[in-house]
Each structure stands twice: as C-alpha cells, then as structure tokens.
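In: A structural model of the following input is requested.
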Amino acid sequence: MSNRDGEETVPEGRKRRPTRRSRPSRPADPPQGRAGKPSGSGKPTASGKPTGPGKPPASGKPTGPGEPDKAGKPTGAGRPRTGRFSFGSGSAVPRFAKPLTTASMLGWTALSAIVPGAAHLRAGHRRTGLVLIGVYAVLLLALLAYGLSVAGNLSNAAALVDDGMMVVVIAGASVLALAWFALMVTSYVVLGPNRLNQQGQMVTGVVVGLLCVAVMSPFALTASTVVTMREAFSIFPSDPDTQASHAAQNPEDPWDGKDRVNFLLIGGDAAGNRTGVRTDSMNVASVDLKTGATVLFSLPRNLQHVRFPTSSPLHKQFPNGFLAELPNGGLLNEVWQYANDHPQLMGGKNKGPRALMDAIGHTLGLKIDYYALMNMYGFADLVDAIGGLRIRVEQDVKWGGLYGTAGTIRAGNRKLSGEQALWYGRSRVGSDDFSRMARQRCVISAFAQQATPTVILANFNKLAGAARRAAQTNIPRDLVQPVVELAVKVKDAKMTSLQFVPPHFYPGNADWAKIRQASKRAIAKSLRPAQAKSANVSASPSVTASAPATTRAAAPTQTPTRNNQGSDGESVDQLCG
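Out: Coordinates of the predicted model:
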C-alpha cells in the first residue's frame, strides 16, 4: 500500500516483501526514510529505525566497506588480505613478504646461476621465471642424454673432433657465456637493489660483478680447450702425401673398404746437438677395423740391408738391400735421414717418411698406410701430462752415460715420470738393443692403456701442447674422427706383440720370407676368439715361461722384460704384466 505522497506503508502485523539489494559495482545513495534519515534497506522496521549496512553504530558514525572502525583500521573490502598479491601499486612483489636484505639478495642472485629463473620467481615475475626454468631443464636433459650416449659408446664422443663440430662448440660456449652473464644481471636487477641502502647497493654490485665473471669461466674454459684442440690438430695435414692412403669421401666407409689399417709408430731422437732424425724406435700397429684387435710389430733399429718395393725410388738405387756394400752399415734407423739427404733420388724433399714406410711395409709384407713420429723428449712430456706411467719393472735399469750414473729405475711396480719412462725405454746400460725394444713395447702399451678418455680430457691442454711441439704425421685431417673412433675400439680389444729379435730372427742376416710368414701368422692369431687364445696359453706355456730361471739370470744382455716370445707373437699383457 502507498499513501498519497508515494511512500510505502506496511500495516501492523503484516510482513513486508524484501527488496532487492543494489549491485556492488553500482553503489547508490541509501534510500531516505520519512524523516530523511538513511535506512539500510530503504524500508523502516516496525520501530521506525533504519537497519542494514547503512545503519550507524552506537557512536553515530557509519561503517562499511573501506571505512575505519573504532580503532581507526579499515574494515571490509578496504582491508588487504594476508598472503595476497597487490597489483595496484604496479609491483608484483608479495605485500607481506620479508624485505630483501643484502645477504638474501646475493643468495637469490647466486641461486639463479644454478637454477635460472629463481630470482624472477622471488620477485613475482612468475611467467618469466617459469620460462627460464623450462629452457634450463631442456638444456640439462639434452646434455644428460648426450652424456649417457657417450658413456654407453665412447665412439660417440669422436664427433667432437670434427672441425665443423669444434666451431659449433666454440660458438655455443661463447653464446652461453653471454647468456649466463645477462641472466645474472637481470636476476640482480629484478630483485630491486635500489631498495637497499647505499652500502648494500655497493656490496651487492661488487659481488654480483664477480659472480658474473665466475659463471662465464666454465664456458670460456670450454671454448679455450676446443681452440687448443683445433691448434693441436694442425699436425694433421690438409694436403697429405700424395702417395699415402686416402680415405673415401663416403662417411659410411671412411676406410674405403679395407679390413685392416697399418700405422707406423716412430720414436725419433732428434735433439739440438744432433743433425737430422734417427728413428730408434719403430713399431707397426696393424689394426683390424671391425674388432679393433691389434698386432704390434717391433723392428730392431739395427736391422740391416732392408729391401724396397719396386714402386720405391730407392729400389733401383739398392736392388740388393739398403747400403748392402757396407758390411756393418745400412741400418734401418738410417733410412729416413738418407732419403732426406738425397732428394734427387726420392724425387723431392722430406721424403724420409715415405722411404721408411716403403722399407718396413715391404719387410713385413704389409702396406703401411700412415705414420706418426714422436720425438723422444716430446714423449716424456706426454707421460708427464697424464701424471706418469705405471709399469712393472722386472730388473733394475740404470741409465745415463755408459755406466748408468744418472739414475736407477728399481725393480717392482713403479709409477715412472716422463724422464724415467723415456730412459726406461732407451737405456742400453747392461743390456742391448733387443732389451730396449722390449721395454719400448711395454711403454707404448702402458701409455695406450692408461691414457683413458677421462685422463686425456683432464689434461688435454698439456697433451695437446706436447703433441704439437713434438709430433709429425701424414694422417689427413678428414680422417681424424675415424681414427679416434678406431682408437676407442683398440683400447678395449686384444693386443698382441711380435718383435723380430734373436733367437728367432737375426737382424744382421735377416730371413725376409720368414719375417713375412711370421707377420701373417701373428695377424691370423690375433683374430682368434679370446677364449681359444687363453686355452692355448694355459696348455702351451710360452718360450719365456719354459725357460729355466738360471739361464735367464745368467744371460748378461737379457732384457729386464721378456722379449723372446714365440715366432707368431704373444699377448702384450702377458709379456709386460
């Protein structure tokens, strides 16, 4: 009902219909009662007093959203809630988070070096922080996957020696170094260092600057190591010897259909007080490309009057053998220097390696594919670079001068330094060339076994520097990766050895047919399964094992290591321990 003034009236005893509440988004003025006083719902109660949100309290002051209460504190929607983000001020920082101190700001910035995005999450930039963490997780997973593939098959690491891959690694390391630098700077800035006092800003600025340098160091070290690797690989010629074996351009078969590849390993004793190069250590590693099984042929430096194949320019010069007219001359270790001294015979300069490869290949009945020469003193640097060699020394070995006055390598299981390992393989005090050959073979085997990928990586810069100073080879640059893959196979495969020394072979009057036959048998034996070989060894002891101990001790020139193996070779592990 309504009166004539348009006001609603409610008779006593009857209920009034509730009115709708106004929307919060469109607040309206409270309706006026009869006397012009505000009432909560716009309708008075029976007593005529206003009720609802607009009703004043006992003190007569209105309360409601955003208005202070008796204590002066805002109530309702005007009071911020604990734990909520406040976006009204333009900052995403939690309103009730503890203020960042100097130590906490440094801690969050340092944590971002390990977990990129942590500082951004702390500052309230959740989207940026999550993106950074996601990208970082993808990089870690990719690195982990590659590490597992290398752990399962070390040959997968050979891809890193490819020239193009090395360039990619250098560029990638440089980009990551800059990215981590930018990450540290943005992580520091987003935390708001301007909120600190002046002293705090100075301290954090200096420490974060040092932290930026620290996080860039691993990437800089990686790039530097790869650059050193590229420089070390300069020993591999881009334009190899035209007469050397060449790899096929087909990456699926870099060895051009071969079953074996033969490397001539040479130890030269060139020094400042000597003219030319004397090849005092000559070994041929014949490697089966499928299994990695290797036969190490050792040739004595005093092997006389070697023959040359008809394809060699020295064949016409020495049809009856190298310097056959000299009864005590024409040694194998003189071939290299002779060819270099007579370029008119060889058809060019620096043909010593080619002449020696021809002579040794013809002697063994093999085609020597590649050679690698290491200066003896450079080899000492390589040994020092990997921390020494563990070798079993069967008898004392004196070295230095004619009487061994410089030092003595004592018998037993020893860890030899570079100088000791060099002289262990070179000393002839109280022994002969054949004894020295046996020790050289053991040194080569020990180095091949103990220079593990982990050791090489840990000491790569030292190894690369020593190799660059003292190594020479004709292995072409495009074969470096296949050679590394092959080296991984060789490391885990069987290695046997055959050296052409008395009593089976006499270097002063060599039986060339017998040497070729023995070489062929040694290669065939190396391809037998390891179980069959072990059975043969246990059933038929080697010549060394059957030799009486008294005879071995009485021989004045007997090697401290066993070298009188059978004519078809024995295991290096058995001979060298």
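
In: got a list of what residue 266 touches?
Out: If you count contacts by C-beta atoms under 8 Å, 6 or more residues apart in numbering, residue 266 has them with 279, 281-283, 336, 356, 371-374. Placement of C-beta: from N, CA and C, glycine included.

In: go with 6 Å
Out: 279, 282, 373 (C-beta atoms under 6 Å, 6 or more residues apart in numbering).

In: can you give me the strands for this protein?
Out: Assigned by DSSP state E, the strands in the chain fall at 260-268, 279-288, 294-299, 370-375, 389-393, 397-399, 407-409, 412-416, 471-473, 495-499, 570-571.

In: Provide a list of residue ranges in this structure with pLDDT below threshold.
Out: The chain contains residues with pLDDT under 70 at 1-97, 150-158, 239-251, 270-276, 401-403, 530-575, 577.

In: tell me, which helix in it spans the most residues?
Out: Longest helix of the chain, by residue count under DSSP state H: helix 198-232.

In: Excluding chain neighbours, give the residue nearest to residue 461 in space.
Out: Leaving aside its sequence neighbours, residue 461 sits nearest to residue 228 (C-beta to C-beta, 6 or more residues apart in numbering; 5.4 Å).

In: how close does the one you found sit to residue 146?
Out: Separation of residue 228 from residue 146 (C-beta to C-beta, to the nearest Å) stands at 21 Å.

In: Please identify which of those two sits among more neighbours.
Out: residue 228 (17 against 13; other C-beta atoms under 10 Å).

In: Just to check, the more buried one is in contact with residue 463?
Out: No: using C-beta atoms under 6 Å, residue 228 makes no contact with residue 463, being 9.7 Å away.

In: which stretches of the stretch 251-400 of the chain form helices?
Out: 313-317, 335-341, 343-346, 352-364, 376-385 (DSSP state H, counting those that start in this stretch).

In: want to throw the ones you listed into a markdown table with mean neighbour count and distance to residue 451?
Out: Output for the helices of the stretch 251-400 of the chain, formatted as a markdown table (neighbours: other C-beta atoms under 10 Å; distance: least, C-beta to C-beta, whole Å):
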| stretch | mean neighbour count | distance to residue 451 |
| --- | --- | --- |
| helix 313-317 | 16 | 35 |
| helix 335-341 | 21 | 26 |
| helix 343-346 | 14 | 34 |
| helix 352-364 | 24 | 24 |
| helix 376-385 | 21 | 8 |
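
In: out of these, nearest to residue 445?
Out: Distance to residue 445, taken as C-beta to C-beta, is lowest for helix 376-385 among the helices of the stretch 251-400 of the chain, at 13.3 Å.

In: and the direction of the closest one versus that of strand 279-288, what angle?
Out: Between helix 376-385 and strand 279-288, the angle comes out at 60 degrees (axes from the mean of the first three to the mean of the last three C-alpha atoms, to 10 degrees).

In: Point out the other helices and strands that helix 376-385 packs with.
Out: In terms of contacts (3 or more C-beta pairs under 6 Å, 6 or more residues apart in numbering; DSSP states H and E), helix 376-385 is packed against helix 418-426, helix 460-470.

In: What helices and strands are in contact with the last one?
Out: Read it as helix 460-470. helix 198-232, helix 376-385.

In: Could you check how far the residue nearest to residue 372 when sequence neighbours are not counted is from residue 235?
Out: Closest residue in space to residue 372, ignoring its immediate chain neighbours: residue 473 at 4.2 Å, by C-beta to C-beta, 6+ apart. Distance of residue 473 to residue 235, given as C-beta to C-beta: 6 Å.

In: now do residue 298
Out: 24 Å.

In: any idea of the angle the longest helix of the chain forms with helix 460-470?
Out: Going by the same axes, to 10 degrees, helix 198-232 makes 40 degrees with helix 460-470.

In: quick one: contacts for residue 318?
Out: By C-beta under 6 Å, 6+ apart, residue 318 lies in contact with nothing.

In: Distance check, the residue lying closest to residue 207 once chain neighbours are set aside against residue 184.
Out: Leaving aside its chain neighbours, residue 207 sits nearest to residue 106 (5.5 Å; criterion: C-beta to C-beta, 6+ apart). Taking C-beta to C-beta as the measure, residue 106 falls 11 Å from residue 184.

In: what about the two, which has more around it?
Out: residue 184 (24 against 19).

In: Which residue is the nearest non-sequential neighbour of that one?
Out: residue 212 is the one closest to residue 184 (C-beta to C-beta, 6+ apart), at 4.7 Å.

In: cool, residue 306 as well?
Out: Nearest to residue 306 is residue 359, by C-beta to C-beta, 6+ apart, at 4.5 Å.

In: Could you do residue 267 as well?
Out: The shortest distance from residue 267 to any non-neighbouring residue, by C-beta to C-beta, 6+ apart, is to residue 281 (3.1 Å).

In: Is it correct that the one you found is in contact with residue 269?
Out: No: counting by C-beta under 6 Å, residue 281 sits too far from residue 269 to count as a contact (8.5 Å).

In: between the two, which one's more packed in?
Out: Neighbour count, other C-beta under 10 Å: between residue 281 and residue 269, residue 281 has more, with 26 against 16.

In: From residue 452, how far off is that one?
Out: 23 Å.

In: do the same with residue 208
Out: 39 Å.

In: higher neighbour count, the two?
Out: residue 208 (19 against 12).

In: Neighbours of the closest residue to the more buried one other than its chain neighbours, how many?
Out: Leaving aside its sequence neighbours, residue 208 sits nearest to residue 188 (C-beta to C-beta, 6+ apart; 4.7 Å). For residue 188, the count of nearby residues is 24 (other C-beta under 10 Å).

In: So residue 188 versus residue 220, what's the distance?
Out: For residue 188 relative to residue 220 (C-beta to C-beta), the value is 21 Å.

In: likewise residue 398?
Out: For residue 398 relative to residue 220 (C-beta to C-beta), the value is 47 Å.

In: So between those two, which is more surrounded?
Out: More crowded of residue 398 and residue 220, by other C-beta under 10 Å: residue 398, with 17 against 13.

In: For the more buried one, which residues count as its bridge partners?
Out: residue 408 (DSSP bridges).

In: about what we covered before: packed most tightly, which of the helices and strands packed on helix 376-385 would that be?
Out: For these, average neighbour numbers computed from mean count of other C-beta atoms under 10 Å are highest in helix 418-426, which has a mean of 22.

In: Summarise which helices and strands that helix is packed against.
Out: So helix 418-426, by 3+ C-beta pairs under 6 Å, 6+ apart, packs with helix 376-385, helix 433-450.

In: got those as a markdown table, with distance to residue 467 columns?
Out: Below are the helices and strands packed on helix 418-426 laid out as a markdown table (distance: least, C-beta to C-beta, whole Å):
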| stretch | distance to residue 467 |
| --- | --- |
| helix 376-385 | 7 |
| helix 433-450 | 13 |
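
In: nearest spatial neighbour of residue 363, skipping sequence neighbours?
Out: In space, residue 363 is closest to residue 306, 5.6 Å off (C-beta to C-beta, 6+ apart).

In: if I pick the one you found, what's in contact with it?
Out: Counting by C-beta under 6 Å, 6+ apart, residue 306 has contacts 322, 332, 359, 363.

In: my guess is the third one contacts residue 336, does it?
Out: Right, residue 359. No: counting by C-beta under 6 Å, residue 359 sits too far from residue 336 to count as a contact (9.4 Å).

In: before we move on, back to that, doesn't residue 373 make contact with the residue nearest to residue 372?
Out: No: when contacts are counted by C-beta under 6 Å, residue 473 is not listed as touching residue 373 (7.0 Å).

In: These two: who's more crowded?
Out: Neighbour totals were compared for residue 473 and residue 373, and residue 373 leads with 25 against 21 (other C-beta under 10 Å).
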